[in-house]
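sequence? don't have it. structure:
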């Protein structure tokens, strides 16, 4: 699972950062989290193709989170895309996408299926699920948790040999959770497989104040990508506009038991985002503020 931070800034594009867009590579497919203006160009500067995008999840409809959609859709069309794409977001997504596609006076040569989501709804992808949760912003906003399916436990070849199981198809069937018969005996998968291995989990908050729903969604996340618009010296301003400080993001990560924290949606006022990291480290040591186009590989903790 590879996370590519296409845009990490908030409010408007600046010389240091573009606005929010995060590509998550899930095998051969890409899930895009938000799509601020200029996202297709950020894709072109990265090591991931925008044509690989299979699903788009929009947190809310402030411009710095969705205005890149028309350009990205058109760029895919001009590059000959044929396969369908799904776009998910809070209520109003279906209506907005209908408007964008008709007002833009072009009909893509591929199907776009839009979906309204509500908090606590789940979207099933290939070997992943995406959980939606309520964020605390100034407009209806969803946070998303990308959760990989658990994997079977490790196969114990020695135990299999001791049980007289011949190598080959029987091994595969046991690894797939099937029982088999060998010499008149029934062998269950649990006799040769270790405990199941937990899948990876990435949480993206979009814009939010600290809230219990985000903490619950982020429980034991391998990577929490959290709004950290301002420093704690501007805590009241951050709250008034529906955002978190770097220190508050760190507290959320700590309470959730996350393994790593990425600070995003940095205000354009900060030319050097290391000051946000230093503040967050007071509560949560494994923290970073990614630059645009930076990549983060989420590794399995039990490999």
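Good, I have the coordinates. Everything numeric here is computed off the predicted structure, so don't read it as measured data. Residues are numbered from 1 along each chain as shown.

And residue 29, how close does it get to residue 125?
Residue 29 sits 8 Å away from residue 125, taking C-beta to C-beta, to the nearest Å as the criterion. Placement of C-beta: from N, CA and C, glycine included.

more neighbours, these two?
For residue 29 and residue 125, the more surrounded residue by other C-beta atoms under 10 Å is residue 125, and the numbers stand at 18 against 15.

What separation is there between the nearest residue to residue 188 once chain neighbours are set aside and residue 201?
Spatial nearest neighbour of residue 188, excluding adjacent residues (C-beta to C-beta, 6 or more residues apart in numbering): residue 179 at 5.1 Å. According to C-beta to C-beta, residue 179 and residue 201 sit 30 Å apart.

between those two, who's got more neighbours?
The neighbour comparison of residue 179 against residue 201 (other C-beta under 10 Å) goes to residue 201, with 23 against 12.

Tell me, how many residues neighbour residue 170?
The number of residues packed near residue 170 is 17, by other C-beta under 10 Å.

And residue 299, by the same measure?
Neighbourhood size, residue 299 [other C-beta under 10 Å]: 11.

Residue 192 is in contact with the residue nearest to residue 188, correct?
No. The pair residue 179 / residue 192 is not scored as a contact, 10.9 Å apart, by C-beta atoms under 8 Å.

remind me which residues of the stretch 151-300 of the chain are low pLDDT?
Applying pLDDT under 70 to the stretch 151-300 of the chain flags no residue at all.

Quick one: end-to-end length of stretch 107-119, please.
31 Å (C-alpha to C-alpha, to the nearest Å).

contacts for it?
73-74, 76-77, 80-94, 96-98, 101, 123, 132-134, 142, 213 (C-beta atoms under 8 Å, 6 or more residues apart in numbering).

Just the buried ones from these?
Neighbour-count burial (16 or more other C-beta atoms under 10 Å) applied to the contacts of stretch 107-119 gives 73, 76-77, 81, 85-90, 93, 96-97, 101, 123, 132-134, 142, 213.

Keep only those of these that are in helices.
Per DSSP state H, helices hold the following members of those: 73, 76, 77, 93, 96, 97, 101, 213.

Spatially, what comes nearest to the third one if we skip its sequence neighbours?
If I follow you right, that is residue 77. What sits nearest to residue 77 in space, not counting adjacent residues and going by C-beta to C-beta, 6+ apart, is residue 108, at 4.5 Å.

what helix or strand is that neighbour on?
Per DSSP states H and E, residue 108 falls between elements, in no helix or strand.

for residue 186, same thing?
strand 185-187.

how about that strand: buried residues?
Quick answer for strand 185-187 (16+ other C-beta under 10 Å): residue 187.

need the contact list for the residue lying closest to residue 298 once chain neighbours are set aside.
Spatial nearest neighbour of residue 298, chain neighbours left out: residue 1 (4.2 Å); criterion: C-beta to C-beta, 6+ apart. Contacts here follow C-beta under 8 Å, 6+ apart; on that basis residue 1 touches 24, 25, 26, 148, 200, 202, 297, 298.

hang on, the fifth one packs against residue 260?
No. When contacts are counted by C-beta under 8 Å, residue 200 is not listed as touching residue 260 (11.3 Å).

Run through the helices of the chain in chain order.
Under DSSP H, the chain gives helices at 39-45, 63-66, 69-78, 93-103, 157-162, 169-175, 212-217, 235-240, 246-256, 274-280.
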